[in-house]
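Engineer: Build me a model:
(6 chains)
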Number of protein chains: 6
Amino acid sequence: MTDTSQPISRFPVADPADLPGDLAERYADVQERSGFLPNVFGALAWRPAEARAFFTMHDALMDKDTPGLSTGERELIVVATSAANSCAYCVVAHGAIARIRMRDPLLADLVAVDWRKAPLDDRQHAILDVAVRLSTDPAAVTPADLDRLRAHGLTEDDVWDVGAITAFFALSNRLAHFAAIPPNPEFHLLGRLPR
Amino acid sequence: MTDTSQPISRFPVADPADLPGDLAERYADVQERSGFLPNVFGALAWRPAEARAFFTMHDALMDKDTPGLSTGERELIVVATSAANSCAYCVVAHGAIARIRMRDPLLADLVAVDWRKAPLDDRQHAILDVAVRLSTDPAAVTPADLDRLRAHGLTEDDVWDVGAITAFFALSNRLAHFAAIPPNPEFHLLGRLPR
Amino acid sequence: MTDTSQPISRFPVADPADLPGDLAERYADVQERSGFLPNVFGALAWRPAEARAFFTMHDALMDKDTPGLSTGERELIVVATSAANSCAYCVVAHGAIARIRMRDPLLADLVAVDWRKAPLDDRQHAILDVAVRLSTDPAAVTPADLDRLRAHGLTEDDVWDVGAITAFFALSNRLAHFAAIPPNPEFHLLGRLPR
Amino acid sequence: MTDTSQPISRFPVADPADLPGDLAERYADVQERSGFLPNVFGALAWRPAEARAFFTMHDALMDKDTPGLSTGERELIVVATSAANSCAYCVVAHGAIARIRMRDPLLADLVAVDWRKAPLDDRQHAILDVAVRLSTDPAAVTPADLDRLRAHGLTEDDVWDVGAITAFFALSNRLAHFAAIPPNPEFHLLGRLPR
Amino acid sequence: MTDTSQPISRFPVADPADLPGDLAERYADVQERSGFLPNVFGALAWRPAEARAFFTMHDALMDKDTPGLSTGERELIVVATSAANSCAYCVVAHGAIARIRMRDPLLADLVAVDWRKAPLDDRQHAILDVAVRLSTDPAAVTPADLDRLRAHGLTEDDVWDVGAITAFFALSNRLAHFAAIPPNPEFHLLGRLPR
Amino acid sequence: MTDTSQPISRFPVADPADLPGDLAERYADVQERSGFLPNVFGALAWRPAEARAFFTMHDALMDKDTPGLSTGERELIVVATSAANSCAYCVVAHGAIARIRMRDPLLADLVAVDWRKAPLDDRQHAILDVAVRLSTDPAAVTPADLDRLRAHGLTEDDVWDVGAITAFFALSNRLAHFAAIPPNPEFHLLGRLPR
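Structural biologist: Numbering: from 1, shown residues only, chains lettered A, B, ... in the order given. Prediction:
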């Protein structure tokens, strides 16, 4: 059996109880909604200023639902680009959220291994194509890539979000690798069973 | 919801009922044991001679349990090297078998994304290190790699099996990509829940 | 002559005058200190929440001067990793800041092209080695990499900062590529002449 | 002079005389037709079940001559993809067979180094393009690649064979690397001189 | 401050006074025109025959000004391809010459980091595209690449020069890396200030 | 049969009879010694100044026989690095010369496909290791690489030659790719048969 008692970071882990008020509230909220505290929260607690900026930027990008880029599709960007970076925390945690937000128990697993053959529509395929290119070879993204997203109906805000989500998880993946943050065991099963 | 009615191959799919006797028996057997026919069986049915050789070689390598290389560890080699090749069929199908054979609902997911940080012991880590190198940069494997496996207690047969399993799934991953064989939906959940 | 009238972003550019108060103040401050508004400020203005988080995280990581990681060395991390990502904005802008903070008109140019042969001491070399690996192959960073930094006298906070600065500019480089933000012409000459 | 007494495998080498009857016959047959026993036969002899499956699959794919994919062209797929994998055994051995089957003493050498500039017709060029992509970046093969082969007159069986030959030698190259099987000296000169 | 007293080569450095007459004259000439002896001259002095051939080939390719390929554009080829090879000597030295010959203090810095987004016209962009491909993946250059240059008005001689300059600096970059030749400090500031 | 009437260059081919006297003599000499004019001579004839420098540098590096680096070993450097660049002209032509100079009909073929497993002694293996690294990843060569060569008995001149030969063929490979120079058919068989 996988040992689930391994540390959640290579760095000191602060007690969430010692967090400044606004962060303490945010941590309590996510703990209550999820039933557990995702490890990235625990690992960032010793750096309150960065944690605050990190979760603010995360929420500004991920908690939006637009016709051009749904909340579930935002999670698929995270899954595909984090897989390209071999980031287990992000693939497993956001794979779970993608399953829930897309109400699809299978798609995130397929996107994680080979987004190119995953059963996506053309708009979704173009989104992941641009996102993965930006993640792995950022200098290769061209104006034509952005125009292709616009042609699929993404607004300027949606197109920016494709890039900004990818960029944010380029940061997130590297923090998770550097600190060796493991995914919480709970994430593996979330969203796989009918409710 | 993921459309599970997509075709199982880009090539003609033969009716298993038309298979030669020995293969028909093998197909019926796997269908009965699994409760469904894994798509790689369906996709290979139109080529009985290759199918027979394929499954014979598979079983000769995978259905062995030795102190140096357990059946579950053989599946982890498949998961790690197939992930390096972005093969959704093999990662999802053999991830399921790995969960069952290791009696561990989490480890295969972690190996699939980042085997280097997965909670493995030193012997398992060395096995996957050599296997992934053989898969992705075969000319870079050295005699020292084989000696490292021997130092961890693998027999000559076990060491060969590390290489041969990796080699066999280099074939298998490419067939699955070329024919675009999707994993059966059943694989995603197998081995995740306590029995 | 290089046309310096090219747009500063592929996305809408907001008038800084319309920014919320705290951001307006920050923008006015950087404009006054620099004598010009760096284009990344202009390009982010249409997204105030992200801009606020972005500059907060930036300052938390970059405006610290510790015995293990000086402000100038933090800029060298930016130059080396941004060069690995071919990000002209970050290499040119942070090359200028590195020249000023290191009081060295040459080193940033050398780090930008080939950090491995740049005239660095062993501690600086180890820092850039780990940072560039995290930037380009994040799964390859090992606990030994972090221990090497500790052996050079970096505190836990310093080691984290090496990773977090690298991670933050993995984000920043990708935003700059996606929006095609050019460096302000002023940056090219800053710090090259004795004052 | 190259020392031709080096071992033919890093693993135990069985005496072909001890092989089961059907394999003994196959080995005797190839020895008689070639005038020597190709080292891959020797190296696989200690694993009769795998050897049987290996040579069965090999013959099913390589000993076919169709208008869309001649026996010589099948050998060129082996040469090009084995060169991409730096497999000396397969490049030298199958280069010899390609020279004989194509009745061309030069082409295999050119395909081995740079198939893209080798003097091939458009159909042959398309075949090697798809085969090398499947060998080196299998997730990048698209339905359009298969359609391109069909447009050049390959049947469904021929297209499958392009993929299956490539996949089989992905296995074969890795076994030859792992066991360090050298090409028999005889292969170097075969097919170079007019008969 | 960068230590500018580091050696100019990992190999013996000959006294230019001991050079054969024709080379001594050439060295004196470049020293007089530049105000300093570029380090590549110093590093090559111990090998007069190679030095003579090296500088002869250099001048034959670089000191030509044609409508299809100006002297400044030739320097940009050097900057872009040398940056792809991480060669600090060539990027810094030829960046300076490019600034002077293009009468542009900014462009070389931008080409050095990301030629794809540098403010170039279509002809210049095509030239660098082909040059960088030849430098980094020479087998991938196709007849269509050469035709594209011809369509932009380059003569046969100009097209050859694009390839030959790229090839010559593939040599030059590797010599500079192997001998660890640092750029002279003077190069960093040349061409940055209005005269 | 391979069509041996394909053009020897994508650029104009000058008549050797029109060459300046010193070059005409050199061309006549190589034609007489070889029995044919190697295509690189023909392809360079339209550019006499470059041709003169090219062949001068070639001979300065290749026609030396030292205890630390024999003429045959110099050819093996060409074969190994040209194979890494997929240059058919250089691999086939210099493979022939290597066979003759090493009096070994097999070794060049093995070095061309996988120098790492070729039957070389430790000194030869170290030479090719450094040469191939300089060819494919020049910034990665370290002082320790040069020291390793010195420890195997190479003089300063020999070590430089390892680097300079590699650098020269980095140029040569790119010219041959750019101009699409095919190897003369005669090279394929040279040195394969006992004299």
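
Engineer: Could you use CA atoms for every contact and neighbour count after this?
Structural biologist: Fine.

Engineer: top helix in chain A by residue count?
Structural biologist: helix A:156-179 (DSSP state H).

Engineer: Give me the distance from it to the chain's centre.
Structural biologist: Here helix A:156-179 is found 8 Å from its chain centre; the criterion is C-alpha atoms, centre = their mean, to the nearest Å.

Engineer: same deal with stretch A:138-150?
Structural biologist: 22 Å.

Engineer: What would that stretch look like as PDB? C-alpha coordinates only.
Structural biologist: C-alpha atoms of stretch A:138-150 as PDB (Å, rounded to 0.1, in the frame of the first residue of the first chain):
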ATOM      1  CA  PRO A 138       6.500  29.200 -25.100                       C
ATOM      2  CA  ALA A 139       8.500  31.000 -27.800                       C
ATOM      3  CA  ALA A 140       6.700  28.900 -30.400                       C
ATOM      4  CA  VAL A 141       3.200  30.400 -29.800                       C
ATOM      5  CA  THR A 142       2.300  32.700 -32.700                       C
ATOM      6  CA  PRO A 143      -0.500  35.300 -33.300                       C
ATOM      7  CA  ALA A 144      -2.100  32.600 -35.500                       C
ATOM      8  CA  ASP A 145      -2.500  30.400 -32.400                       C
ATOM      9  CA  LEU A 146      -4.500  33.200 -30.600                       C
ATOM     10  CA  ASP A 147      -6.500  33.900 -33.800                       C
ATOM     11  CA  ARG A 148      -7.500  30.200 -33.900                       C
ATOM     12  CA  LEU A 149      -8.900  30.400 -30.400                       C
ATOM     13  CA  ARG A 150     -10.800  33.600 -31.300                       C
END
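
Engineer: Can you list the buried residues in that stretch?
Structural biologist: By 16 or more other C-alpha atoms under 10 Å in any protein chain shown, the buried positions in stretch A:138-150 come out as A:138-142, A:145-146, A:148-150.

Engineer: The longest helix of chain A packs against which elements?
Structural biologist: Contact partners of helix A:156-179 among helices and strands, from 3 or more C-alpha pairs under 8 Å, 6 or more residues apart in numbering or on different chains; DSSP states H and E: helix A:48-62, helix A:71-84, helix A:88-102, helix A:122-136, helix A:143-151, helix C:122-136, helix C:156-179.

Engineer: In chain A, which residue is most central in space?
Structural biologist: Central residue of chain A (C-alpha atoms, centre = their mean): A:Val78, 4.1 Å from the mean position.

Engineer: any weak-confidence spans in chain A?
Structural biologist: A:1-4, A:195 (pLDDT under 70).

Engineer: Which positions in chain A make contact with chain B?
Structural biologist: With C-alpha under 8 Å from any C-alpha of the partner chain as the criterion, chain A comes near chain B at residues A:1-3, A:83, A:86-88, A:91-92, A:102-107, A:109-110, A:113-114, A:117, A:119, A:180, A:185, A:188-189, A:192.

Engineer: Residues of chain A that sit close to chain C?
Structural biologist: So chain A meets chain C at A:11, A:49-50, A:52-54, A:56-57, A:60, A:85-87, A:134-135, A:137-139, A:141, A:156, A:160, A:163-164, A:166-175, A:177-178 (C-alpha under 8 Å from any C-alpha).

Engineer: Can you tell me how far whichever residue of chain A sits closest to chain F is from chain E?
Structural biologist: Nearest residue of chain A to chain F: A:Asp137, at 18.5 Å (C-alpha to the nearest C-alpha). Distance check for A:Asp137 against chain E: by C-alpha to the nearest C-alpha, to the nearest Å, it reads 12 Å.

Engineer: which ones are touching that residue?
Structural biologist: Applying C-alpha atoms under 8 Å, 6 or more residues apart in numbering or on different chains to A:Asp137 gives the contacts C:Asn85.

Engineer: Quick check on it: phi, psi?
Structural biologist: Dihedral pair for A:Asp137: phi -150, psi 70, per degrees, to the nearest 10.

Engineer: One more: A:Thr66?
Structural biologist: According to degrees, to the nearest 10, A:Thr66 has phi -120, psi 160.

Engineer: Check the one 3 residues further on too.
Structural biologist: With angles defined as degrees, to the nearest 10, A:Leu69 sits at phi -160, psi 90.

Engineer: Give me the distance between the spatially closest residue to it that is not a sequence neighbour and E:Val91.
Structural biologist: Closest residue to A:Leu69 apart from its sequence neighbours, by C-alpha to C-alpha, 6 or more residues apart in numbering or on different chains: A:Asp158 at 6.2 Å. Look at A:Asp158 and E:Val91: by C-alpha to C-alpha, to the nearest Å, they are 38 Å apart.

Engineer: more neighbours, the two?
Structural biologist: Counted by other C-alpha atoms under 10 Å in any protein chain shown, A:Asp158 and E:Val91 do not tie: E:Val91 has more neighbours, with 34 against 22.

Engineer: which non-adjacent residue is nearest the more buried one?
Structural biologist: E:Val79 (5.0 Å).

Engineer: what's near enough to touch that neighbour?
Structural biologist: E:90-91, E:94-95, E:108, E:111-112.

Engineer: roughly how far apart are it and B:Arg101?
Structural biologist: According to C-alpha to C-alpha, E:Val79 and B:Arg101 sit 56 Å apart.

Engineer: Spell out which residues of chain A are next to chain E.
Structural biologist: So far as C-alpha under 8 Å from any C-alpha goes, chain A lies against chain E at A:Ala139.

Engineer: Am I right that A:Leu154 sits in a helix?
Structural biologist: No - A:Leu154 sits outside any helix when classified using DSSP: H, G, I helix; E, B strand; the rest coil, being coil.

Engineer: Identify the residues contacting it.
Structural biologist: A:Leu154 makes contact with A:67-69, according to C-alpha under 8 Å, 6+ apart.
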